[in-house]
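Enquirer: sharing a sequence plus its predicted fold:
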Amino acid sequence: MFDPPAKDVVDPAYASYLSTPSSEDAPSENVLLSVGSAGGFAPRYVLGPSLATQAIFKKVYAMKETNGDWIVVTNVTQSASKTFNTIAADDFDRPIAYVLDGQIISAPVILEKSFNGSGEISGNFTERQAEALAVDLGFPALPVSVRRVS
């Protein structure tokens, strides 16, 4: 599942274009990818080159907050902490995209300029959605990348 992007960053002008095929999703290139797994003309993002891979995550898990909302907590590795903080500083108040198999699985807006080794992704998740996103981001065999939304 994914948390829906903010309405102001989805450009409907891209809806009629095909997404970049997974086989052509080169980490060093700009790509056009759809949000989620919706068929037809799903909202698209133009994404810049990959900023990091899932290797930045040490632990990812779903958690229910005291107010009843579900969030996804991400803990980064010590070696990736600087990379994650650079991404946060450079993209503060802008969305980044987590990409898995040529699909945007989450496009959270960065709300902190630095992190002390962990972060949270929120967005009206059900328990099932939060757990699925945590698995997608934290499973070592899956090729998740972090990309800047252009």
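Expert: Yep, it's here. Residues are numbered from 1 along each chain as shown.
Enquirer: not counting its neighbours along the chain, what's nearest the spatially most central residue of the chain?
Expert: When the chain is reduced to its mean C-alpha position, the nearest residue by CA atoms, centre = their mean turns out to be residue 98, at 2.4 Å. Nearest non-adjacent residue to residue 98, counting by CB to CB, 6 or more residues apart in numbering: residue 106, 4.5 Å away. Glycine gets a C-beta too; all of them are placed from N, C-alpha and C.
Enquirer: what's the neighbour count on residue 81?
Expert: Residue 81: 18 surrounding residues under other CB atoms under 10 Å.
Enquirer: mind listing what's buried in stretch 66-80?
Expert: Within stretch 66-80, the residues that count as buried by 16 or more other CB atoms under 10 Å are 70, 71, 72, 74, 75, 76, 80.
Enquirer: can I get these in TSV with secondary structure, pLDDT and distance to residue 117?
Expert: What follows is the buried residues of stretch 66-80, written out as TSV (DSSP: H, G, I helix; E, B strand; the rest coil; pLDDT from 0 to 100; distance: CB to CB, whole Å):
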residue	secondary structure	pLDDT	distance to residue 117
70	strand	96	21
71	strand	96	16
72	strand	95	15
74	strand	91	10
75	strand	91	6
76	strand	86	6
80	coil	84	9
